[in-house]
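Peer 1: dropping the sequence and predicted coords here.
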Amino acid sequence: MADDFHDLKTISVAGGEVTLRIRRRWGVWPQEDKDGNWECYEKDEDGDASDTGTLWIQVDHFDFTGDGEPPASFTDMKQHAEAMSSREPPGHTSPIESAVFPVDHGYRWRRIYDLDEGG
């Protein structure tokens, strides 16, 4: 199978809140055990995950149910993103890249790490 990283398709998750491009051969599925999480990868002929890598997408919503305006610490999305980025990745591998940067209406955290999953 040729490397076709340039052959992409557009997907949307979280009711259209997140739209991005992934490899055309990959599918996208909600994670059964984590609401608000999706995984993108390629399945082989048997329906098992192949070794083409995986992209995990997580969308978090913060709901304030108190009276009046929420406190500044609750609405500081940069602080929330930075706190999440300081957590250890699964398998406690060192991240290849970890960055928090502003986007419309909030912040995006991107972390790239190498992990052997299931051997």
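Peer 2: Here it is on my side, so go on.
Peer 1: surely residue 115 and residue 93 touch.
Peer 2: Yes - assessed by Cβ atoms under 8 Å, residue 115 is found in contact with residue 93 at 5.4 Å. The C-beta positions use only the backbone N, C-alpha and C, and glycine is treated the same way.
Peer 1: name the surrounding residues that touch the helix ranked longest in the chain.
Peer 2: The longest helix of the chain (DSSP state H) is helix 77-85. Contact partners of helix 77-85, identified using Cβ atoms under 8 Å, 6 or more residues apart in numbering, comprise 60, 62, 73, 98-100, 102, 106-109, 111.
Peer 1: retrieve the pLDDT associated with residue 92.
Peer 2: At residue 92 the predicted local distance difference test score is 63.
Peer 1: ugh, typo on my part, it should be residue 14
Peer 2: Turning to residue 14, the model gives it a pLDDT of 91.
Peer 1: who's in contact with it?
Peer 2: 36, 57, 59.
Peer 1: filter these down to the buried ones.
Peer 2: residue 57 (16 or more other Cβ atoms under 10 Å).
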